[in-house]
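Asks: Build the 3D model from these lines:
(chains A and B)
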Amino acid sequence: MRYSGLKVITEGLFGNKGWKPAWRNPAPKPAYDAIVIGGGGHGLSTAYYLAKNHGLTNIAVLEKGYLGGGNVGRNTTIVRANYFLPGNQEFYSHSLKLWEGLESELNYNVMHSQRGLINLFHSDGQRDAFARRGNAMITQGDDAILLDRDGVRELLPWLDFEQTRFPIYGGLLHPRGGTARHDAVAWGYARGADRRGVDLIQNCEVTGIDIEGGKVVGVQTTRGPIRAPKVGIVVAGRSSQVAAMAGMRLPIESHVLQAFVTEGLKPVINHVISFGMGHFYISQSDKGGLVFGGDLDFYASYAARGNLPMVEHVMEAGMTLMPMIGRARVLRSWGGIMDMSPDGSPIIDKTHVEGLYLDCGWNYGGFKAVPASGWCMAHLMATDTPHEVARRFRLDRFATGHLLDEEGTGSQHNLH
Amino acid sequence: MRLKCPLCGERDRREFYYSGAADYLSRPEAGAAPAAWDDYLHNRDNPAGVTRDLWYHEQGCAQWLVVTRNTVTHEITAVELVAGRAAE
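Replies: Residues are numbered from 1 along each chain as shown, chains lettered A, B, ... in the order given. Below is the predicted model of the structure:
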């Protein structure tokens, strides 16, 4: 079924009885040409592009819970391409371009809103670093505008510019940055993959990876064994556990990152704003809730909830930056599990097992990467060669020294 | 979250700095192969369940601690001094 304005009107006139489920709910077949483990944003986009770009339609996505039930359904929805390092730059630039065409591509409203992202700076040194970053973004072909204090004041007059600790000197505006509806991205890719014949199999947990003579031959699941000559592990949040089934020990430590949302308010924040010095960022959802967050809780965790010290820290940072939000009431908070890598950048690569591929290590930047991650992972699985824009996301880069340490904070997993 | 420091007693999580897995205690010998250093610095078991990691009592006794913890429930079952372990 193709969605359209006309369809909405005719369904409305006839009691909305004509809507069909957006995808099938098939039982697993005994064998496929390829299997993607993980039915989150990245897994679903991988399956979609395997089918669309590479003509592989006899494939399955295996999801232990329900589609889009992990981090793609619990993040703060920011989409941007403001990276500095070659390797990251071209990848996120490619991803943003895919976002810009995603709704017509998927015939699905992912509510992509390019409302502009503003990274604030608070010293002369930080201004120089942001000017350099902005130039790098422009060189890459994306957009960046360096705002001085008056420039920021014009857009965000209600910030506290004269805070004693971090007075605001200006900001780097990335006009094409913004937000999207998180669930809708997963649902749109799921529907698109299903329409191309991909089997999306839910409640199907992978319990083992079958390897014979150094080649992958299939997987064991809670719904029986399934054979396939190619298997992609796309399970950020549980990467270490699934990779261990193939005898791998990954450069990943899992950490919890909290996020918060207030009650719905009238439109007040028109951009995505980040206050790096205070570890705080905020945007306003289309529903009106202020969506904000801060830094990791800093200790390894698989609990999808955090502790109170970080809650307090984030609230304090928010009050420092914009005292006007002090009377908004927080509706709920939650935590997501991040694959933290030692340089803060992801991994899309082959493994030591032939036919087994890995897409993981998204730290807390996985959402904006959903389209390009699927695009590049599908390219890798279909052609056995890395995609041009993801060629530096190597699994062995920590051993070889070719790190992509965007923040320059060193080889400690929780510092990125 | 509260940690029971062997020297200071039970203290708020904010007094402690988290460093990472207790793997950092198993430093390779000088002259070890590069692969051993890569494994030591980067690769982790990263269990969903009981783990042992290193914390530093930054705002207390300034001792490094090995904490045995559950990463799913955040339950803490043991806190030992790194210094004490070395003396054994």
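Asks: going forward, measure contacts and count neighbours with C-alpha atoms only.
Replies: Noted.
Asks: Tell me the residues on chain B that lie near chain A, please.
Replies: Applying Cα under 8 Å from any Cα of the partner chain, one finds that chain B approaches chain A through B:1, B:13-14, B:18-20, B:34-35, B:38, B:41-48, B:71-74.
Asks: Emit the ChimeraX select command for whichever of the residues you listed are buried.
Replies: Listed next is the ChimeraX selection for buried residues among these, using 16 or more other Cα atoms under 10 Å in any protein chain shown:
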select /B:13,14,18,19,20,38,41,42,43,44,45,46,47,48,71,72,74
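Asks: Restricted to helices, list the residues of chain B next to chain A.
Replies: Residues of the residues of chain B next to chain A located in helices (DSSP state H): B:34-35, B:38, B:41.
Asks: From those residues, pick the one nearest chain A.
Replies: The shortest gap between chain A and any of those belongs to B:Asp38, at 5.4 Å (Cα to the nearest Cα).
Asks: Dead centre of the chain: give me the residue that sits there.
Replies: Since no chain was named, I'll use chain A. A:Phe367 (1.6 Å; Cα atoms, centre = their mean).
Asks: Not quite, go with chain B.
Replies: Central residue of chain B (Cα atoms, centre = their mean): B:Leu54, at 1.5 Å.
Asks: can you list contacts of the helix or strand hosting that residue?
Replies: Using DSSP states H and E, B:Leu54 falls within strand B:50-56. The contact list for strand B:50-56 (Cα atoms under 8 Å, 6 or more residues apart in numbering or on different chains) reads B:16-24, B:62-71.
Asks: Buried residues, it. List them.
Replies: B:50-56.
Asks: Need the CA coordinates for stretch A:327-340. PDB is fine.
Replies: Written as PDB, here are the backbone C-alpha positions of stretch A:327-340 (Å, rounded to 0.1, in the frame of the first residue of the first chain):
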ATOM      1  CA  ARG A 327       9.600  25.600  35.900                       C
ATOM      2  CA  ALA A 328       9.100  23.000  33.200                       C
ATOM      3  CA  ARG A 329       8.300  19.700  34.800                       C
ATOM      4  CA  VAL A 330      10.200  16.600  33.800                       C
ATOM      5  CA  LEU A 331       7.900  13.900  32.600                       C
ATOM      6  CA  ARG A 332      10.200  11.000  32.400                       C
ATOM      7  CA  SER A 333      13.800   9.900  32.000                       C
ATOM      8  CA  TRP A 334      15.400   6.800  30.600                       C
ATOM      9  CA  GLY A 335      18.700   5.300  29.700                       C
ATOM     10  CA  GLY A 336      20.000   3.600  26.600                       C
ATOM     11  CA  ILE A 337      23.000   1.300  26.300                       C
ATOM     12  CA  MET A 338      25.900   2.600  24.200                       C
ATOM     13  CA  ASP A 339      28.600   0.600  22.500                       C
ATOM     14  CA  MET A 340      31.500   2.700  23.500                       C
END
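Asks: so does it get close to chain B?
Replies: No. Stretch A:327-340 does not reach chain B (Cα under 8 Å from any Cα); its nearest approach is 9.9 Å.
Asks: I'd guessed A:Gly73 sits against A:His182; true?
Replies: Yes. A:Gly73 lies in contact with A:His182 (Cα atoms under 8 Å); the separation is 5.8 Å.
Asks: So which of the two has more stuff around it?
Replies: Using other Cα atoms under 10 Å in any protein chain shown as the criterion, A:Gly73 and A:His182 rank with A:His182 on top: 23 against 20.
Asks: Quick check: nearest residue in space to B:Gln59, chain neighbours excluded?
Replies: Of all residues not flanking B:Gln59 in the chain, B:Glu15 sits nearest, at 4.9 Å (Cα to Cα, 6 or more residues apart in numbering or on different chains).
Asks: Give me the neighbour count for that neighbour.
Replies: 16.
Asks: pLDDT averaged over the strand holding B:Leu54 - what is it?
Replies: Mean pLDDT, strand B:50-56: 97.
Asks: Dump it to PDB, keeping only the CA atoms.
Replies: Output in PDB follows, covering the C-alpha atoms of strand B:50-56 (Å, rounded to 0.1, in the frame of the first residue of the first chain):
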ATOM      1  CA  VAL B  50      29.000  -9.700  37.000                       C
ATOM      2  CA  THR B  51      32.100  -7.600  36.100                       C
ATOM      3  CA  ARG B  52      35.200  -6.400  37.900                       C
ATOM      4  CA  ASP B  53      36.300  -2.800  37.300                       C
ATOM      5  CA  LEU B  54      38.600  -0.200  38.600                       C
ATOM      6  CA  TRP B  55      37.500   2.800  40.600                       C
ATOM      7  CA  TYR B  56      39.600   5.600  42.200                       C
END
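Asks: ok, A:Met111 to A:Met245 distance?
Replies: Separation of A:Met111 from A:Met245 (Cα to Cα, to the nearest Å): 37 Å.
Asks: count of residues packed around A:Asp128?
Replies: For A:Asp128, using other Cα under 10 Å, the count is 12.
Asks: was I right about the residue nearest to B:Gln59 contacting B:His57?
Replies: Yes. Using Cα under 8 Å, B:Glu15 is in contact with B:His57, at 6.2 Å.
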